[in-house]
Structure formats: structure tokens, C-alpha cells
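Asker: Show me the folded form of this:
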Amino acid sequence: MIEAGLIVARFLHFVAVTTLAGASFFPLYAYPGNDYRQPPAFARWMQMVLFWAANTVLVSGILWFIFTVANMSGAWDGILDRETLGAVLGDTSFGNLWTARLVLCIVTIVVIWHRFDSRASRRRDVIAAILAAVLLISIAGVGHSQVEQGVAGAIHVISDATHLLAAGAWLGGLVPLALIIAARGRDRESTAETDFDRVLMRFSGMGYVAVATLVGSGLVNSWFVVGAFSGLQETAYGQMLVAKLVLFAGMLALAVSNRFWIVPSLAKAATDGSSAWTARLRNHVLGEQVLGLMVLLIVSVLGTMPPAIRP
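Answerer: Model prediction:
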């Protein structure tokens, strides 16, 4: 029960923090330029997405801490024991990091709340993006990346943080992209100002960088947690990791299809045919999101399992 709760808390936290990060990054590359004009409807929706994502990060982070304390103590009573709580908060790197992350999350919520009463600006969005990025990459400070010491440990943490950042940019960026596609499908004229085609191409450009980073950092991380190729076949951790790679390949196939088939066809389509291509694009983005959620669920499970590599 405790382990299942820990997996659910981790999953909710990963979904929320990747959404927060990717959604906060999106306006910075989707709407470049000195005027930094965002469609008003899109800006309002993004404020709500960021606000609810940040609050979910806070709640799920608290749940993650509670289930971790219970898991460390081996019983639910540990949550209410002052000595146990004090030991986890003061004597463990997990407790210290989680306290800092919760404070940072509250600051992020305040910053995002401030955006409700003001017009979107690049400065405010950059601040929100930096806070979200720090929240995301700080997850690398716990888990399997803490096993190694010295130079190897630093490399593993940096690689893990880079992996998280790239995953957040891609997976989290799918949320605002889906909002834009949905608005385009409802009313093409009302979304003309979004420079729909340009936004799609800018997201694709970001996707190239994110995928390359995910592959590179994933190989480095695998070296630390899997080691030999046999670890993928002979351990439960390795088999789960293979399942994650299969889902990642499915996401990549959908992204490639979007970039080299649907987006060019959408740009060339006549007015009467563009709605069909928009629907195809919406379905593909939805497919990427579903596969991405499955990847995050597997990551949530992997964090509770011993790595495949043998000592």
C-alpha cells in the first residue's frame, strides 16, 4: 500500500512538474520577438495551466514526502513520529532537498498568481520558466543518481538533470500545443493571429534539440543504472526500461510524422481541406501525450526499484 501510494505520488508530481516546465518554456520560443505578442485567449489559458500545474506540484510533492517517510520507517506511524520526521528532514539529503523544493514551489505559485493581474511580458515569463526549470531538474538530487560519488556522481546528476529538462520541454510543451491546435480546429479565423504554421515549426525545432538531448543523456544514465546489455534482459528494472524505450520510440514516430507529413500537408492544404489535417495533427499530439503519460508512469515505478547494474 505504501509503495503503491509512493508510485502514484511520484507519477502525479512528474506529470505536474513536466507540464509546468514545458508550458512555461513554450511562449519563449513559440512567440519570439521584441513585441512578444501572445493571443489573449491563449495567454489566459496558459495562466490557468501554469497555476494548476504549480499547485499540483506542491500537493504531490507533499504526498511524495509523506509516502517516502512511511516507506523509510516501514509503517504509517512514522509519519506522525517527531523523531522520525526530524531525522528525515534534518539528517537526509532527501529531506533537505524536499524542504527547499517545497519553498521554491510556493514562490513559483506566487509568481504565477501575479501574472493573473498583469499583461504577459517576456521578463515575467522568463522568471516563471527559470523557477519551473529549477523545480524540474532538482529531482535529479534524489534517487539512483545519488549512488555514485565524486566525478561519476556529478556526471550522473548532470546527465539526469539534462534528461529531465529535455523531457519537460517536450512532454510539457505538448499541453500548450494541444490548446493551440484545439483553438485552430474550432475557429480558424480567431486563431489566425497565432501564426499557426510558424508555431508548429518552432515547436518542431525545439523538439529536435529535446530528442537529441534525451537520447544522449539517456545513454549516459543507462551506463550508470544498467551497465551491460544483459541487464536489460535479466532484471525487472531492465525490462521496465525497455518498455519505456518502446513508448519513447512510439512518441518519436508520431513526432516525425507530424513534422514531415502532417505539418507540410496542413500548410499546403486548401481552406476546405485544412480541417481534416488539423484533426490528424490533434490526434497525433493526443497520442504523444498518452504515450508520454505511460513513460512517466514507468519512470515513477523505476524510481522505487533497485537499478539493474550489478555492484
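Asker: Quick check, residue 111 in contact with residue 130.
Answerer: No: counting by C-beta atoms under 8 Å, residue 111 stays clear of residue 130, with 9.8 Å between them. (Glycine included, C-beta is placed from N, CA and C.)
Asker: Who has more neighbours out of these two?
Answerer: residue 111 (17 against 13; other C-beta atoms under 10 Å).
Asker: Check what pLDDT that one gets.
Answerer: Listed pLDDT for residue 111 reads 89.
Asker: Show me what the helix or strand containing it is packed against.
Answerer: In this assignment (DSSP states H and E), residue 111 forms part of helix 93-114. When contacts are defined as 3 or more C-beta pairs under 8 Å, 6 or more residues apart in numbering; DSSP states H and E, helix 93-114 packs onto helix 40-73, helix 82-91, helix 122-137.
Asker: what residue ranges in the stretch 151-300 of the chain score low on pLDDT?
Answerer: 185-194, 269-274 (pLDDT under 70).
Asker: What are the buried residues along the helix holding residue 111?
Answerer: Within helix 93-114, the residues that count as buried by 16 or more other C-beta atoms under 10 Å are 94-95, 97-98, 101-102, 104-105, 108-109, 111-112.
Asker: Among the residues you listed, which one sits closest to residue 141?
Answerer: residue 97 (4.7 Å; C-beta to C-beta).
Asker: What does the pLDDT read for residue 73?
Answerer: We have a pLDDT of 75 for residue 73.
Asker: isn't it right up against residue 81?
Answerer: Yes: applying C-beta under 8 Å, one finds residue 73 in contact with residue 81, separated by 7.1 Å.
Asker: More neighbours: which of those two?
Answerer: The residue with more neighbours, out of residue 73 and residue 81, is residue 73; 17 against 14, by other C-beta under 10 Å.
Asker: Please name the nearest non-neighbouring residue to the more buried one.
Answerer: The shortest distance from residue 73 to any non-neighbouring residue, by C-beta to C-beta, 6 or more residues apart in numbering, is to residue 84 (5.2 Å).
Asker: right, and that neighbour touches residue 68 too?
Answerer: No: if you go by C-beta under 8 Å, residue 84 and residue 68 don't touch, sitting 11.3 Å apart.
Asker: Please say which of the two ends up with more neighbours.
Answerer: Neighbour totals were compared for residue 84 and residue 68, and residue 68 leads with 24 against 17 (other C-beta under 10 Å).
Asker: The more buried one is in contact with residue 6, isn't it?
Answerer: Yes: Residue 68 lies in contact with residue 6 (C-beta under 8 Å); the separation is 6.5 Å.
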